[in-house]
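> The sequence and its predicted three-dimensional model are supplied below.
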Number of protein chains: 2
Amino acid sequence: MRALLRLREQILSGEFAPGERMSELPLVERLGVSRTPLRLALAELEHEGLLRGLVGGGYAVREFTQADIRDAIELRGVLEGTAARFAVERRVTRRDLRALGTINDGIEELVHRADYDSFERYVDLNERFHARLVKIARSPMLERALAGLVSLPFAGPSAAFVLSEAELPESREILVIAHRHHVGLIESIERREGARAESLAREHAHLALTNLEIALRHRDVLKRMPGASLIALPRDGEPQHA
Amino acid sequence: MRALLRLREQILSGEFAPGERMSELPLVERLGVSRTPLRLALAELEHEGLLRGLVGGGYAVREFTQADIRDAIELRGVLEGTAARFAVERRVTRRDLRALGTINDGIEELVHRADYDSFERYVDLNERFHARLVKIARSPMLERALAGLVSLPFAGPSAAFVLSEAELPESREILVIAHRHHVGLIESIERREGARAESLAREHAHLALTNLEIALRHRDVLKRMPGASLIALPRDGEPQHA
DNA sequence: GCCCATACACTTGCATGCAAGAACTCCCTA
DNA sequence: TAGGGAGTTCTTGCATGCAAGTGTATGGGC
């Protein structure tokens, strides 16, 4: 377990160049564990998507294009939209809706604050809102599919909120809009409006995409995002095909 | 690798009771491999969804409810629908469309035949159609998400076609309808009708669900499906909550 | 007779040693 | 000088031995 945690941390902090082969022996002395747990950790991280297997055995850090990130976020929207629709179709309880409402009330209080503690609490509440939304869909399969997506460092529901920490002017508005999306989601689920709930969840994810595109224009901000070194940034003047 | 293949095969053929602890030492002599590759295989199968980790370490064969299976198939529809929409939005090439058409023409020829060889060819062509559909979405993230789903034994695009092999009267009609769905999918993608393409793919997956529900009424047929022993069948007179 | 404590056995997790395979380099030959 | 072959080294994959933790069973004490 130690091997997994330390290795993931080192990968996300950019200590390995994407694409280069990660030989086991150097990693053994770097992480202070034996090859057996290391191999397990490498296999685990391949499943998470952070590593990719090489042809002759061995692994390399995976590199993500901006298109990959866009797709991952959009797919999260698609799956969370399905979660919202499932919640509607499966008669969510009032208790679940109240829980969502309470979390979102907590978010509302924080939207207009600017200190770092508030930011941390915001991220925590936001994660809990999204986790609860998936939970009320009552679908282990859906939970599994979403878990496979948000294991990617930039695909989670709060990944792009490095912006508000950075106090960019756009970030405040985005928090307001995100809160409004949450309100609409609760409302549409309560009224059994499945199609609206699904679209809203998709649009909500697109907000993260907007967030990300702002971050990509402020690369100093992007650097704070864990796993930023895994993103293939196009060299200036070399447009990346969408 | 040997360990992984043999273990998966034995699980799918029902040689382990769902829920019971799979100790390593008995598996070692059963599979004829050492504990090291065995542990890797166990971890791999946990990721595939066939095993679940137990609290104090160790694994058990996972049991799937009918609701799980329904959800997995519906999620495949959601993701393949997204693939179809991506294909539209990303300007699929004529070459890709031709390839889909060619595969589907091959399917049309087989729909009205009844021999076993034709069944095998049908399954092969069907798999290729779905694989190509995902490919033309040009999204590695989407491919990954779908791969995580269809690793489940009953969620793949051809899993429920044990029916037509069994020559049930309903199965012939279902093949005709499935072929028509494929035609509609190609058409809508060609005409850049993203919403229609997405809905059609979803409806197409629902056909597999219909298929499965027929199979659940003919349990002798269900038995032919690999991994059937992992399905929690409700005891008669004990309705399963949907 | 019942409950608690201790000891034993079984389980998983880790480390190390070994073998097989592939790639790279160096040398020899054409 | 260039190409091929052989040797060496580095790589991953597998097996086994060992230790630590947990659960259970048995015995002793209250």
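Sure thing, it's come through.
> How many residues are close by the closest residue in space to A:Leu212 that isn't next to it in sequence?
Excluding its sequence neighbours, the residue lying closest to A:Leu212 (C-beta to C-beta, 6 or more residues apart in numbering or on different chains) is A:Ala160, at 4.9 Å. C-beta coordinates here come from the backbone N, C-alpha and C atoms, glycine included. By the criterion of other C-beta atoms under 10 Å in any protein chain shown, A:Ala160 has 25 neighbours.
> Just want to check the distance between A:Ala160 and chain B.
16 Å (C-beta to the nearest C-beta, to the nearest Å).
> cool, and A:Leu146?
9 Å.
> For the residue lying closest to that residue once chain neighbours are set aside, give its distance to A:Ala201.
The spatial neighbour of A:Leu146 that comes closest, neighbours along the chain excluded (C-beta to C-beta, 6+ apart), is A:Leu79 at 5.0 Å. From A:Leu79 across to A:Ala201, the span is 9 Å (C-beta to C-beta, to the nearest Å).
> next one: A:Thr82
Distance from A:Thr82 to A:Ala201, by C-beta to C-beta: 8 Å.
> pLDDT score assigned to A:Asp220?
Predicted confidence (pLDDT) for A:Asp220: 84.
> For it, what is the enclosing helix or strand?
A:Asp220 is located in helix A:219-222, with elements delineated by DSSP states H and E.
> For that helix, name the packing helices and strands.
When contacts are defined as 3 or more C-beta pairs under 8 Å, 6 or more residues apart in numbering or on different chains; DSSP states H and E, helix A:219-222 packs onto helix A:162-165, helix A:194-217.
> mean pLDDT lowest for which of those?
Taking the mean pLDDT of those, helix A:162-165 comes last: a mean of 72.
> Which strands or helices does that one pack on?
helix A:116-135, helix A:169-190, helix A:194-217, helix A:219-222.
> Name the residues of chain A found near DNA strand D, please.
With C-beta under 7 Å from any atom of the strand as the criterion, chain A meets DNA strand D at residues A:21-25, A:35-36, A:39, A:56-58.
> try 10 Å this time
Taking C-beta under 10 Å from any atom of the strand as the contact definition, chain A meets DNA strand D at A:21-28, A:34-36, A:38-39, A:42-43, A:53-54, A:56-60.
> Of these, which count as buried by neighbour count?
Buried members of the residues of chain A next to DNA strand D, counted by 16 or more other C-beta atoms under 10 Å in any protein chain shown: A:22, A:27, A:38-39, A:42-43, A:59-60.
> Same list, those, but as JSON lines with pLDDT and secondary structure please.
Compiled in JSON lines, these are given as follows (pLDDT from 0 to 100; DSSP: H, G, I helix; E, B strand; the rest coil):
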{"residue": "A:Met22", "pLDDT": "93", "secondary structure": "strand"}
{"residue": "A:Leu27", "pLDDT": "94", "secondary structure": "helix"}
{"residue": "A:Leu38", "pLDDT": "96", "secondary structure": "helix"}
{"residue": "A:Arg39", "pLDDT": "94", "secondary structure": "helix"}
{"residue": "A:Leu42", "pLDDT": "96", "secondary structure": "helix"}
{"residue": "A:Ala43", "pLDDT": "94", "secondary structure": "helix"}
{"residue": "A:Tyr59", "pLDDT": "94", "secondary structure": "strand"}
{"residue": "A:Ala60", "pLDDT": "95", "secondary structure": "strand"}
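> Which members of those additionally contact chain B?
A:39, A:43 (C-beta under 8 Å from any C-beta of the partner chain).
> hang on, the earlier thing: quick one: buried residues of the helix holding A:Asp220?
Here helix A:219-222 shows A:221-222 as buried, counting by 16+ other C-beta under 10 Å.
> Next: stretch A:123-131.
Applying 16+ other C-beta under 10 Å to stretch A:123-131 flags A:123, A:125-126, A:128-130 as buried.
> Repeat that for stretch A:69-76.
Quick answer for stretch A:69-76 (16+ other C-beta under 10 Å): A:69-76.
> Is chain B within reach of that stretch?
Yes: Stretch A:69-76 is in contact with chain B by C-beta under 8 Å from any C-beta, via A:71-72, A:74-75.
> Would you mind listing the outside residues contacting that stretch?
With contacts defined as C-beta atoms under 8 Å, 6 or more residues apart in numbering or on different chains, stretch A:69-76 is touched by A:146, A:149-150, A:152, A:154-157, A:160, A:202, A:205-206, A:208-209, A:212, A:231, B:79, B:82, B:86, B:139-142, B:145.
> before we move on, what about stretch A:13-27?
So stretch A:13-27 is in contact with A:7, A:10, A:35, A:38-39, A:42, A:51, A:54, A:58-63, A:226-230, A:232, going by C-beta under 8 Å, 6+ apart.
> start to end distance for it?
The first residue of stretch A:13-27 is 15 Å away from its last residue (C-alpha to C-alpha, to the nearest Å).
> Between the residues of stretch A:69-76 next to chain B, which sits nearest A:Arg219?
A:Arg219 has its nearest neighbour among the residues of stretch A:69-76 next to chain B in A:Ala72, at 19.8 Å by C-beta to C-beta.
> so what's that closest one scoring on pLDDT?
97.
> near chain B, which residues of chain A?
A:36, A:39-40, A:43-44, A:47, A:49, A:67-68, A:71-72, A:74-75, A:78-79, A:82, A:86, A:139-142, A:144-145, A:148-149, A:152.
> Filter those down to the buried ones, ChimeraX style.
Selection of buried members from these for ChimeraX, criterion 16+ other C-beta under 10 Å:
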select /A:39,40,43,44,47,49,67,68,71,72,74,75,78,79,82,86,139,140,141,142,144,145,148,149,152
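> In helices, which of the residues of chain A next to chain B appear?
A:36, A:39-40, A:43-44, A:47, A:67-68, A:71-72, A:74-75, A:78-79, A:82, A:86, A:140-142, A:144-145, A:148-149 (DSSP state H).
> Domain map for chain A?
Domain assignment for chain A, taken from automatic domain parsing, gives A:2-61, A:66-227.
> Quickly compare those domains and say which is most buried.
Highest mean neighbour count among the domains of chain A (mean count of other C-beta atoms under 10 Å in any protein chain shown): domain A:66-227, with a mean of 19.
> from the contacts of stretch A:13-27, which ones fall inside strands?
A:51, A:59-61 (DSSP state E).
> A:Ala114: which of those residues is nearest?
A:Val61 (35.2 Å).
> pretty sure A:Glu170 is touching A:Leu212, no?
No: with contact defined as C-beta atoms under 8 Å, A:Glu170 does not count as touching A:Leu212 (11.9 Å).
> mind listing what A:Glu127 touches?
A:156-158.
> ok, the residue of chain A found nearest DNA strand C - contacts?
Residue nearest to DNA strand C within chain A (C-beta to the nearest atom of the strand): A:Ser34, separated by 2.9 Å. With contact set as C-beta under 8 Å, 6+ apart, A:Ser34 has these partners: A:Val28.
> distance of it from A:Ile69?
For A:Ser34 relative to A:Ile69 (C-beta to C-beta), the value is 35 Å.
> What of A:Ser158?
A:Ser158 is 15 Å from A:Ile69, by C-beta to C-beta.
> Please enumerate residues in contact with the lowest-mean-pLDDT helix or strand in chain A?
When each helix and strand of chain A is scored by mean pLDDT, DSSP states H and E, helix A:162-165 comes last, with a mean of 72. Applying C-beta under 8 Å, 6+ apart, the contact partners of helix A:162-165 are A:116, A:119, A:122, A:170-172, A:174-175, A:211, A:214-215, A:221-222, A:224-225.
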